[in-house]
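A.B. asks: Below are the sequence and a predicted model for it; my questions follow.
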Amino acid sequence: MKPLLLLSRGDDDPDFLYACRFAVEAGLYVRFADGDDLLAVSALELDRARHQARAARVVDVAQLGWKWQPDSFRAWTEVALRALEERGVSAVRVAPKLPTVYERALSEAGIEVEIDRDLFVDERRRKSSEEADWIRAAQQAAEAACREVIGMLAESSPGEDGLLWLESSPLTSERLAARAQATLNEIGYRAQQLIVAGSPECALPHFTGTGPIRADAPVIIDIFPRGAGSHYHGDLTRTVVRGQVPDQVRRMHEACCQALDAAIACIRPGASGRDVHETVCRLLVERGYGTTTKGFEGNPEAPRLNHTTGHGVGLEVHEQPVLGSVDQELRAGDVVTVEPGLYQVGLGGVRVEDLGMVTGRGFANFTSLPRSLDPADYL
């Protein structure tokens, strides 16, 4: 097999992280063979790399002839070429998301470049006990942040203007999101983005939320933090209503929770992600709703599910496998979300999401938070 060459795309580059367990803005990693790998970083990062990274050889890029120049792509390409020349390597595998400028420069220098489209896909799906612990801890962090948001909603009061008020001012998505971010930061987690979306805008599943929160209407809270040390993610969604719960929203929520449980019951090694997704679609259609999945369109006038049922989680918040319309077999060691949702423009949306691992006994749920619409049930 050709040696593997990676050039970091930033400190959240999942391939680079998986290869050497080191997060760095810029760096070179070459795996010549098992147990024979090289990590090259700047002097600024050298001591940290020697302490944290998993590589047989960790060096200062100066040892490979690094020269500072305005074009950093050229500088790192030259370092990579020197590392390959040092070992007489003329052909390499690279990650599928390697910037084109690197691939072209290597090719023009006479290096045979093979893009490994399946790089680490199987390995990253099969979570070790250590990785599972990191993801479980990230899920606990997501729960802590979610409780803080829901706690603020529980403390708020509906105003005559139909909005929620807290401490003499309207309660906003921004204020709730800031509390969630602060909670995560205090316990060693980060979320580049999260969702605290009120109605009716939460009918758009990836609407992050903005402005005042309305009373008597659903609020979707979706938190997917990343461990500052582990770099592994959690992923959690809950929907709550502060005030009177509309009957339609209550029925939507009940259907989503039933669909979540039905999906979890299907999850086991060898099961198809498509079967899990279609189980969710079938249940929602039987309860009078619709989906965008072919063959399970249901009622076109009713709230509908317009996304997949779930996805893998690890170094990326969205990775393999997918619980959707693709016939993808689940394996022991997969960590996946299960997140049925129903949405209707003008009304809002409901989504409930748990995260867990596929095991020989089925789905080991990493999520312990209640699924209630009532904020008081989370206190």
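C.D. replies: Sure, I can see it.

A.B. asks: Tell me how the chain divides into domains.
C.D. replies: Using automatic domain parsing, the domain parsing of the chain gives 4-119, 127-378.

A.B. asks: most neighbours per residue, which of the ones you listed?
C.D. replies: Of all the domains of the chain, domain 127-378 has the most neighbours on average by mean count of other Cβ atoms under 10 Å, namely a mean of 20. (C-beta placed from N, C-alpha, C; glycine too.)

A.B. asks: How far off centre is it?
C.D. replies: Distance, stretch centre to chain centre, for domain 127-378: 12 Å (Cα atoms, centre = their mean, to the nearest Å).

A.B. asks: tell me the mean pLDDT for that domain?
C.D. replies: Mean pLDDT, domain 127-378: 98.

A.B. asks: Same check on stretch 16-31?
C.D. replies: 98.

A.B. asks: How about the secondary structure of the most centrally placed residue in the chain?
C.D. replies: With distances taken as Cα atoms, centre = their mean, Val317 lies nearest the centre of the chain, 1.2 Å away. Of the three states, Val317 takes coil according to DSSP: H, G, I helix; E, B strand; the rest coil.

A.B. asks: That one and Leu236 touch, don't they?
C.D. replies: No - using Cβ atoms under 8 Å, Val317 is not in contact with Leu236; the gap is 11.1 Å.

A.B. asks: Overlap in contacts, these two.
C.D. replies: In terms of Cβ atoms under 8 Å, 6 or more residues apart in numbering, Val317 and Leu236 are both contacted by the residues Phe224.

A.B. asks: What is the top helix by length along the chain packed up against?
C.D. replies: Longest helix in the chain, counting residues (DSSP state H): helix 129-155. In this structure, helix 129-155 packs against strand 164-166, helix 173-186, strand 189-190, strand 218-223, strand 226-227, strand 236-241, strand 335-338, strand 354-359, with contacts taken as 3 or more Cβ pairs under 8 Å, 6 or more residues apart in numbering; DSSP states H and E.

A.B. asks: what do you get if the cut-off is 7 Å, keeping everything else the same?
C.D. replies: strand 164-166, helix 173-186, strand 218-223, strand 226-227, strand 236-241 (3 or more Cβ pairs under 7 Å, 6 or more residues apart in numbering; DSSP states H and E).

A.B. asks: Could you tell me how far stretch 29-49 lies from the centre of the chain?
C.D. replies: Centroid displacement of stretch 29-49 relative to its chain, using Cα atoms, centre = their mean, is 27 Å.

A.B. asks: Span of that stretch from start to end?
C.D. replies: Start and end residues of stretch 29-49 are separated by 12 Å (Cα to Cα, to the nearest Å).

A.B. asks: Residues contacting it, please?
C.D. replies: 3-6, 16, 19-20, 22, 24, 27-28, 53, 55-62, 64, 79, 83, 87 (Cβ atoms under 7 Å, 6 or more residues apart in numbering).
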